[in-house]
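Enquirer: Sequence first, then the predicted structure:
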Amino acid sequence: MATEEAIVLVGGLGTRLRAVVSDVPKPLAPVAGRPFLAWLLDNLAGNGVRHVVLAAGYLAERVVDCIGREWCGMRMDYSIESHPLGTGGAVRQACGMLQGDSAHVLNGDTFLRYDLRALEQATVHAGADLGMALAQVADVARYGAVIREGARISGFREKGESGPGYINAGSYYLTAAAIRALPAEPAFSFETRVLAPLTMAGRVCGFEASSGFIDIGVPEDYQRAQSLFGSA
């Protein structure tokens, strides 16, 4: 049975965007007349997700007030940090609110169109513990490139190298094995403590069938998002 639960990380401070948006958490930044998070949640609902846990921290009450307890037929729950947990700690705490044993995990300040069930199926077919949706970009310099060997992710190139390629879009499918393997400490980096070791062990599957990548973390891409969603 397909996984119908997702965790969305919405707790970041959004310091790079403060010059443009300073009064709300970054995922609530207005994009084409709506909070950016609204576009992301609409996309999850369209992919068959029925339960979303929003992992909130900075200005969490604003997120709760804006989104509420139901969105497009999805039940909304909130995992709120009392102190900074890092990306990994936030995921681990949110996993405690899941009803099942697997979940999709997404960043609340990035958007990517892909079929969540296809990512899940690709991960299971590859025998991997974690699936990663990839975004193809014209220049990988800002993000760092993904190194692939067939369906598996074998490593990451540092930021700074230029040219086209695939990047980690911050959109994952975590199997039950990946969730069980989350470190026990309360605060840690998902990228360092989870993604890197699983990649080294050959347990991460890359998924290329995606489009429409946008990251509103910097002002110029935030402005680009206005026209991207305004024409949607």
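Expert: That came through fine. Numbers count the residues shown, from 1 in each chain.

Enquirer: In CSV, could you pull the C-alpha coordinates for the longest strand belonging to the chain?
Expert: Counting residues, the longest strand in the chain under DSSP state E turns out to be strand 165-174. Coordinates of the C-alpha atoms in strand 165-174 are reproduced here as CSV (Å, rounded to 0.1, in the frame of the first residue of the first chain):
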residue,chain,number,x,y,z
GLY,A,165,23.6,18.6,-13.6
TYR,A,166,21.4,17.0,-11.0
ILE,A,167,21.1,18.2,-7.5
ASN,A,168,19.5,17.1,-4.2
ALA,A,169,16.2,18.9,-4.2
GLY,A,170,15.5,18.2,-0.5
SER,A,171,12.6,15.8,-1.3
TYR,A,172,12.9,12.3,0.1
TYR,A,173,11.1,9.0,0.7
LEU,A,174,12.1,7.3,4.0
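
Enquirer: Helices along the protein, start to end?
Expert: Taking DSSP state H as the criterion, the chain contains helices spanning 36-46, 60-67, 86-95, 116-125, 176-180, 190, 196-200, 219-230.

Enquirer: Tell me which residues touch the residue nearest to Val146 when sequence neighbours are not counted, please.
Expert: Nearest-residue entry for Val146: Tyr166, 4.9 Å, with adjacent residues in sequence omitted and distances by CB to CB, 6 or more residues apart in numbering. Every residue, glycine included, has its C-beta placed from N, CA and C. With contact set as CB atoms under 8 Å, 6 or more residues apart in numbering, Tyr166 has these partners: Leu134, Ala135, Gln136, Val137, Val140, Ala145, Val146, Arg148, Gly206, Glu208.

Enquirer: one step back: neighbouring strands for the longest strand of the chain, and are they parallel or not?
Expert: Sheet partners assigned to strand 165-174 using DSSP bridges are listed as strand 103-107 (antiparallel), strand 130-137 (antiparallel).

Enquirer: okay, these in TSV with mean neighbour count and mean pLDDT next?
Expert: Output for those, formatted as TSV (neighbours: other CB atoms under 10 Å; pLDDT from 0 to 100):
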stretch	mean neighbour count	mean pLDDT
strand 103-107	24	97
strand 130-137	23	96
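
Enquirer: would you list the ones you listed in CSV and tack on distance to Leu228?
Expert: Conversion of the strands paired with strand 165-174 to CSV gives the following (distance: least, CB to CB, whole Å):
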stretch, distance to Leu228
strand 103-107, 17
strand 130-137, 13
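
Enquirer: what's the closest of these to Val31?
Expert: When these are ranked by distance to Val31, counting by CB to CB, first place goes to strand 103-107 at 14.8 Å.

Enquirer: dump the residue contacts of the spatially most central residue of the chain.
Expert: Most central in the chain under CA atoms, centre = their mean is Leu106, positioned 1.8 Å from the mean C-alpha point. Contacts here follow CB under 8 Å, 6+ apart; on that basis Leu106 touches Ala6, Ile7, Val8, Leu9, Leu40, Leu44, Gly170, Ser171, Tyr172.
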